[in-house]
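J.: task: produce atomic coordinates for the following.
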Amino acid sequence: VQVIESGGGLVQAGGSLRLSCTASGRTASNNGMGWFRQAPGKEREFVATIGWNGGNMRYADSVKGRFTISRDNAKSTLYLQMNLLKPEDTAVYYCAVGRGAFAGVDMASYAYWGQGTQVTVSS
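T.: Numbering: from 1, shown residues only. A predicted model of the protein is given here:
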């Protein structure tokens, strides 16, 4: 399974970005997927996850109400719509494919990872 993120960039605080992730292979369409992020000097942390059928979304408290995860299985693509961005959202964002139909908040729930895309929010 190949996982490729796109859509990162530089944005001012209060702005929006939409990240995309294409995941090749039948596994990706049948499994849960998620987004994680890692800021400089910090550990990678959970952001959001979604089940194979587009339901069962979960979010980190820090992004709840601002970020929306969605997927289009026909296009083998996962999205993360990020609104009201804050400087503390600055990080490398990683897309991941889960080990089962629904994935959790821990990294061990995911089998395949992308290389990440940089998001920088200026104040």
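J.: show the end-to-end separation of stretch 65-83, please.
T.: This stretch, stretch 65-83, spans 9 Å end to end (Cα to Cα, to the nearest Å).
J.: tell me how far that stretch lies from the chain's centre.
T.: Offset of stretch 65-83 from its chain centre (Cα atoms, centre = their mean, to the nearest Å): 8 Å.
J.: which parts of that stretch are buried?
T.: F67, T68, I69, R71, T77, L78, Y79, L80, M82 (16 or more other Cβ atoms under 10 Å). Yep, even glycine has a C-beta here, placed from its N, CA and C like the rest.
J.: in strands only, show me those residues.
T.: In strands, defined here by DSSP state E, the members of those are F67, T68, I69, R71, T77, L78, Y79, L80, M82.
J.: redo those residues as CSV? Include distance to N53 and pLDDT.
T.: CSV is the format used below for these (distance: Cβ to Cβ, whole Å; pLDDT from 0 to 100):
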residue, distance to N53, pLDDT
F67, 20, 98
T68, 16, 98
I69, 13, 98
R71, 9, 97
T77, 15, 95
L78, 13, 97
Y79, 15, 98
L80, 18, 98
M82, 23, 98
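J.: looking at the residues you listed, which is nearest V3?
T.: Nearest to V3 among these: L78, at 9.0 Å, using Cβ to Cβ.
J.: correct me, but that closest one touches G54?
T.: No. Here L78 lies out of contact with G54, judged by Cβ atoms under 8 Å, at a distance of 10.2 Å.
J.: all helices of this protein, in order?
T.: 26-30 (DSSP state H).
J.: show me where it has its strands.
T.: 3-6, 9-12, 17-23, 33-38, 45-50, 58-59, 67-72, 77-82, 91-98, 110-113, 117-122.
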